[in-house]
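> quick one, fold the following:
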Amino acid sequence: MAQTKQVDVYTFDELTPEVQASLVTREREERGSSEVFTNTLRKTFQNVLSKSGYSSVTEMQFAIGYNQGNGVAFYAKKLHVNDLVALRNRLMKRGGLRPLNERFLAKVVVSIAPVGGLQELAKDMQVHCDVENIQNLPEAQTELLQAFCDAVQIDVVNMSAELQKIGEDMVASQVDEHIKEELGIHDKWYFADGTEFHEDYLHRAVAGITFRGTL
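Below you'll find the predicted structure:
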């Protein structure tokens, strides 16, 4: 003979604050990985990079809204001289960087390559600097070039952190309130741990027990 078992289910508003927050976070991460939103993030990051002296970036990796592996990495085979001038000007404003003239910058080759094998994307960028068609570079210019290269290396890490913050803010601001509204609609029910209740749980015979939710 089938038995009847009462199953307690709750609306979103009746769940504990901790379970509500967990549901919102899980839904946010799922939406943050959607193709449409990923493309929006990519375009936003590209715009920020272009305005910061990295318009020559050809590849980008990012993971936003996840518990592990968060970060943004960007790569370029060769930064255009216009990028180098923009970088020089921006980094000089921060202080501590001596000027490089544009004729010299036109011969400088700066690339950003992946280190490889690193889970933290912000650390997966290695800046390489060289000079085209110049042998026996004077020591003074060698020092200037190295200082510039070191400054760009620091800057790409800072840019990665800035882009990650922008991405996280976009994820949070875009969906949190909408998620709460959607999770709280009246025809959705949940178990106490936040697992969504489905109607197929009702009147389902399992090991001789008929589950009947009391809605």
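
> for the nearest residue to Val127 once chain neighbours are set aside, grab phi and psi.
Residue nearest to Val127 in three dimensions, not counting chain neighbours: Gln153, with 4.3 Å by Cβ to Cβ, 6 or more residues apart in numbering. In this view, the C-beta of every residue, glycine as well, is placed from N, C-alpha and C. The phi/psi pair for Gln153 (degrees, to the nearest 10) reads phi -60, psi -40.

> per-residue confidence for Gln153?
With respect to pLDDT, Gln153 scores 95.

> cool, and the one 10 residues further on?
Per-residue pLDDT puts Leu163 at 95.

> pass me the low-pLDDT residue ranges in this protein, would you?
1-5, 28-34, 65-69, 117-119, 134, 174-178, 184-187, 199-215 (pLDDT under 70).

> most centrally placed residue in it?
Centroid-nearest residue in the chain, with Cα atoms, centre = their mean: Ile64, separated by 3.0 Å.

> all strands of the protein, in order?
Taking DSSP state E, the strands of the chain run over residues 3-7, 59-63, 71-75, 108-113, 126-131, 189-190, 196-197, 204-206, 209-213.

> which strands and helices sit next to the fifth one?
Helices and strands touching strand 126-131, by 3 or more Cβ pairs under 8 Å, 6 or more residues apart in numbering; DSSP states H and E, are strand 108-113, helix 139-183.

> partner strands of that strand and their direction?
Sheet partners assigned to strand 126-131 using DSSP bridges are listed as strand 108-113 (antiparallel).
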